[in-house]
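Colleague: Predicted coordinates and the sequence they were generated for:
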Amino acid sequence: MSALSGRRMADGNRLLVGQACSALDSIESLLEALLEISRLDAGAIQPDIRAVPLADLFGALHGEFALAAQRRGLALTVEATGLWARTDPRLLRRILQNFLSNAVRYTLSGQVTMRAHAGPDGIVIAVTDTGPGIPAEQQALIFEEFRRFAGDGEERGPDRGMGLGLAIVQRAARTLGVPIAVDSAPGRGAVFSVTVPPAAAEAAHGEAGRARAAAGVGRATVLVIDNEPAILAGMTAVLEGWGCNVMTAPDGRAALAAARRRPIDLLLADYHLADGATCNEVVDQVRSACGRSIPAAIITADRTPELKDSLSAAGLSLLTKPVKPAQLRALMGRMLA
């Protein structure tokens, strides 16, 4: 769908493609949310605690929500901070994403602000909105699954919440062992906050270099290995749209032949190939044939920690299906740095 939306087409067809993309995004969001809740409940997500510069996280979240806020006529302010937190950046980002998503969705006018300050119990990160507010009797219920507060700021149109965001927030905070809070009343907006332990400031590393590398993705020669012709065609359309030189192969033999024809900058391979072969074997063969360790990413629907660990030990990056173009391009940029 991403490849198709980038092509020239009649307005009527473009509208249909846009509606199909929106429907797919909604289905994917629901499935991802349910899967995330299931994994958090099962204790399958183990936090990776480390020093996290909040400035990087705040910058990424501002970029993620600025357009949505602008479309709703809201002023989004993410205050600069030099604080560092000791936490799992992925889980903390998930908490703040849901805070911001709800604030933008339910606020009809005014502003949404995210700020961090050092308090006696740690770093308090708060998201404040000028929405309708939440009655005291509703504030505990909104953290339950499929609960959606139907106040005056109820979101309109297709961008309707599923009532799972705050359920994920509660579970993510429980996994991190950090408190969350809500301060609100009808007519005066809401403040959602999370308190995380502080960390000593550490030098940020590699961000600028990775950003520069991402801009050069279009010059790369990429070998895509997958036994599904439709996937090869879709990946080719997306990568060529970025300016990449693309070669495809359905199996290890074809991959070796392609590697001998032209120098390769990057490998993208499906984990499960035909005849029971796995990507590890094929990647090793291609690297041996080329005489160097070519950067490689493995694409799979398998989300088990065991697979992630085994691929990491083999020096392979991982992308889980369905692959989003922005995620793919960002990963390619880091691998080519």
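Modeller: Received it, and whenever you're ready, just let me know what you need.

Colleague: where in the stretch 1-150 of the chain is pLDDT low?
Modeller: 26, 29-30, 33, 44, 139, 145-150 (pLDDT under 70).

Colleague: so where do the helices sit in it?
Modeller: According to DSSP state H, counting those that start in this stretch, the stretch 1-150 of the chain carries its helices in the segments 2-5, 11-42, 54-71, 89-106.

Colleague: From the contact counts, what lies against the second one?
Modeller: Just to be clear, that refers to helix 11-42. Helices and strands touching helix 11-42, as assessed by 3 or more CB pairs under 8 Å, 6 or more residues apart in numbering; DSSP states H and E, comprise helix 2-5, helix 165-176. C-betas here are computed from N, CA, C, even on glycine.

Colleague: among those helices, which is nearest Arg72?
Modeller: Closest to Arg72 of those is helix 165-176 (CB to CB; 16.9 Å).

Colleague: between the closest one and helix 11-42, how big is the angle?
Modeller: Per axes from the mean of the first three to the mean of the last three CA atoms, to 10 degrees, the angle that helix 165-176 makes with helix 11-42 is 40 degrees.

Colleague: Quick check: buried residues in the helix or strand following helix 165-176?
Modeller: Moving toward the C-terminus from helix 165-176, the next helix or strand (DSSP states H and E) is strand 180-184. Across strand 180-184, burial judged by 16 or more other CB atoms under 10 Å covers 180, 182, 184.

Colleague: can you check stretch 179-195 too?
Modeller: Buried, per 16+ other CB under 10 Å, within stretch 179-195: 180, 182, 184, 189-195.

Colleague: cool, stretch 304-314 as well?
Modeller: 308, 311.

Colleague: Stretch 6-24 too?
Modeller: Neighbour count says stretch 6-24 has Val17 buried, by 16+ other CB under 10 Å.

Colleague: Please export the alpha-carbon coordinates of it; PDB is fine.
Modeller: Extracted C-alpha coordinates of stretch 6-24, given in PDB (Å, rounded to 0.1, in the frame of the first residue of the first chain):
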ATOM      1  CA  GLY A   6       3.600   6.900  -3.900                       C
ATOM      2  CA  ARG A   7       2.400   6.500  -7.500                       C
ATOM      3  CA  ARG A   8       0.500   8.900  -9.700                       C
ATOM      4  CA  MET A   9      -3.200   8.100  -9.900                       C
ATOM      5  CA  ALA A  10      -6.700   9.600 -10.400                       C
ATOM      6  CA  ASP A  11      -8.100  11.400  -7.400                       C
ATOM      7  CA  GLY A  12     -10.800   8.800  -6.900                       C
ATOM      8  CA  ASN A  13      -8.300   6.000  -6.800                       C
ATOM      9  CA  ARG A  14      -6.100   8.000  -4.400                       C
ATOM     10  CA  LEU A  15      -9.000   8.400  -2.100                       C
ATOM     11  CA  LEU A  16      -9.600   4.600  -2.100                       C
ATOM     12  CA  VAL A  17      -6.000   3.900  -1.400                       C
ATOM     13  CA  GLY A  18      -6.000   6.400   1.500                       C
ATOM     14  CA  GLN A  19      -9.000   4.700   3.000                       C
ATOM     15  CA  ALA A  20      -7.400   1.300   2.600                       C
ATOM     16  CA  CYS A  21      -4.200   2.500   4.300                       C
ATOM     17  CA  SER A  22      -6.200   4.000   7.100                       C
ATOM     18  CA  ALA A  23      -8.100   0.800   7.700                       C
ATOM     19  CA  LEU A  24      -4.900  -1.200   7.700                       C
END
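
Colleague: and that stretch, how far out from the chain's middle?
Modeller: 23 Å (CA atoms, centre = their mean, to the nearest Å).

Colleague: same thing with stretch 52-60?
Modeller: Using CA atoms, centre = their mean, the offset of stretch 52-60 from its chain centre is 15 Å.

Colleague: ditto for stretch 171-187
Modeller: Using CA atoms, centre = their mean, the offset of stretch 171-187 from its chain centre is 22 Å.

Colleague: swap in stretch 59-73?
Modeller: That offset, for stretch 59-73, works out to 15 Å (CA atoms, centre = their mean).

Colleague: Now do that stretch: everything it contacts.
Modeller: Applying CB atoms under 8 Å, 6 or more residues apart in numbering, the contact partners of stretch 59-73 are 75-76, 78, 93, 96-97, 100-101, 104, 107-109, 112, 114.

Colleague: and what of stretch 1-18?
Modeller: Contacts of stretch 1-18 (CB under 8 Å, 6+ apart): 20-21, 24, 234, 237-238, 241, 325.

Colleague: Show me which of those is closest to Glu228.
Modeller: When these are compared against Glu228 (criterion: CB to CB), the nearest one is Gly234, at 9.2 Å.

Colleague: so what's the closest one scoring on pLDDT?
Modeller: Gly234 is assigned 84 on the pLDDT scale.
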